[in-house]
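Visitor: Provide a 3D model corresponding to the input given below.
(one chain, ligands or ions: 1)
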Amino acid sequence: MSAIEERFPRPSVMGVVNVTPDSFSDGGVNFETEDAVASARRMVEEGAAVVDVGGESTRPGSEGVSAKEELRRIAPVLERLTDVPVSIDTTKSEVARRALELGAELVNDVTALRGDPELAGVVASSGAYLCLMHMQGEPRTMQDAPTYDDVAAEVASFLEERLRFAVDAGIPEERICLDPGFGFGKTVEQNFELLGRLGEIVALGRPVLVGLSRKRSLGRILGDPDATTGPLPASLAAAIEAYERGAVIFRVHDVREHVEALTVAAAVPR
Ligand code: HH2
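Guide: Okay, the predicted model is just below:
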């Protein structure tokens with residue numbers, strides 16, 4: 001398998017397919033297998049390099065589901081997507097193992113290998129790609145009172161430590177990308193500071209994946225203090241800001257629009 005930077009040249013779009021009833025922006029839309037499969041196929045037609053299939057919501061306040069329920073949601077979808085590039089959004093080794101058997105090529109773990117002690121071994125022995133994401137706290141409580149002395153420096157040193165951990169567990173560095181985890185235990189101000197200083201994460205030397213699409217900070221900066229999602233134009237602006245600072249993979253719900261915006265940004269000589 002090639003290095004992740006060869007498989008996903010900058011910019012690459014990752015389409016989000018949440019097979020959940022309760023995800024923050026598309027909960028219920030793809031909960032039925034057939035709907036999830038159709039969405040994934042449409043996203044690839046629209047230019048997604050990969051689709052990220054998830055069976056558990058990590059929205060602020062969510063409780064989590066069992067491995068059995070997560071498998072019940074995602075396995076029938078993956079069984080029908082063997083001809084489509086798939087990433088599995090899970091924190092559980094049991095779910096990742098089955099997804100990899102069904103052809104997934106990337107494991108997207110929002111706990112950065114801190115959730116399930118067996119996940120690192122599953123990724124190492126499969127040769128899959130891995131995304132390590134920063135999160136302060138856990139989804140149920142992460143937005144209660146996130147605190148940092150220096151958000152960008154702390155996220156960078158966390159990701160550097162988790163990268164070391166993954167490599168020590170036998171996962172080749174060239175298979176790994178890093179994600180600052182927008183919205184995972186961060187206030188609106190902290191998310192925007194992190195976006196402005198994304199170069200400090202890029203400087204770690206691994207491809208950076210960003211998930212800014214529809215995040216609530218985008219709705220809140222537009223003036224609604226209770227927003228739980230952000231609109232598409234705000235998502236596109238945030239993606240372009242991240243692209244400008246070196247982000248490589250863009251995890252998004254609206255694939256066509258992001259592909260168009262990023263294609264224009266990438267055509268500008270610099
Ligand atoms: N965001 C979400 C879920 N998984 N994975 C990575 N690597 N980066 C992210 O920013 C990220 C992620 C949350 O978004 P979504 O999947 O739309 O919602 P939910 O977690 O409620 O299913």
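Visitor: Going by neighbour count, which residues in stretch 236-249 are buried?
Guide: Buried positions in stretch 236-249, judged by neighbour count with 16 or more other Cβ atoms under 10 Å: Leu236, Ala238, Ala239, Ile240, Glu241, Ala242, Tyr243, Arg245, Ala247, Val248, Ile249. For every residue, glycine as well, the C-beta is placed using N, CA and C.
Visitor: which phi and psi does the nearest residue to the fourth one once chain neighbours are set aside have?
Guide: Right, the one you point to is Ile240. In space, and not counting its chain neighbours, Ile240 is closest to Ala265: 5.3 Å by Cβ to Cβ, 6 or more residues apart in numbering. Per-residue torsions, Ala265: phi -60, psi -40 (degrees, to the nearest 10).
Visitor: which ones are touching Ala265?
Guide: Contacts for Ala265 (Cβ atoms under 8 Å, 6 or more residues apart in numbering) come out as Pro11, Ile240, Tyr243, Glu244.
Visitor: what do you get for Asn191?
Guide: Counting by Cβ under 8 Å, 6+ apart, Asn191 touches Phe182, Gly183, Lys215, Ser217.
Visitor: Take these and keep only those in helices.
Guide: When the contacts of Asn191 are checked against helices (DSSP state H), the matches are Ser217.
Visitor: pLDDT value on the closest residue to the ligand within the stretch 151-270 of the chain, please?
Guide: Nearest to the ligand, among the residues of the stretch 151-270 of the chain, is Gly211, at 2.1 Å (Cβ to the nearest ligand atom). As predicted, Gly211 sits at a pLDDT of 98.
Visitor: Look up how far Phe250 lies from it.
Guide: Look at Gly211 and Phe250: by Cβ to Cβ, to the nearest Å, they are 8 Å apart.
Visitor: Repeat that for Leu236.
Guide: As defined by Cβ to Cβ, Leu236 lies at a distance of 10 Å from Phe250.
Visitor: near the ligand, which residues of the stretch 51-200 of the chain show up?
Guide: Proximity of the stretch 51-200 of the chain to the ligand, by Cβ under 6 Å from any ligand atom, involves residues Gly54, Ser57, Thr58, Arg59, Asp89, Asn108, Val110, Cys131, Met133, Asp179, Gly181, Phe182.
Visitor: Out of those, which sit inside strands?
Guide: Taking DSSP state E as the definition of strands, those contribute Gly54, Asp89, Asn108, Cys131, Met133, Asp179.
Visitor: Name the SS class of the residue nearest to the residue of the stretch 151-270 of the chain closest to the ligand when sequence neighbours are not counted, please.
Guide: In space, and not counting its chain neighbours, Gly211 is closest to Arg251: 4.0 Å by Cβ to Cβ, 6+ apart. Under DSSP: H, G, I helix; E, B strand; the rest coil, Arg251 falls in the strand class.
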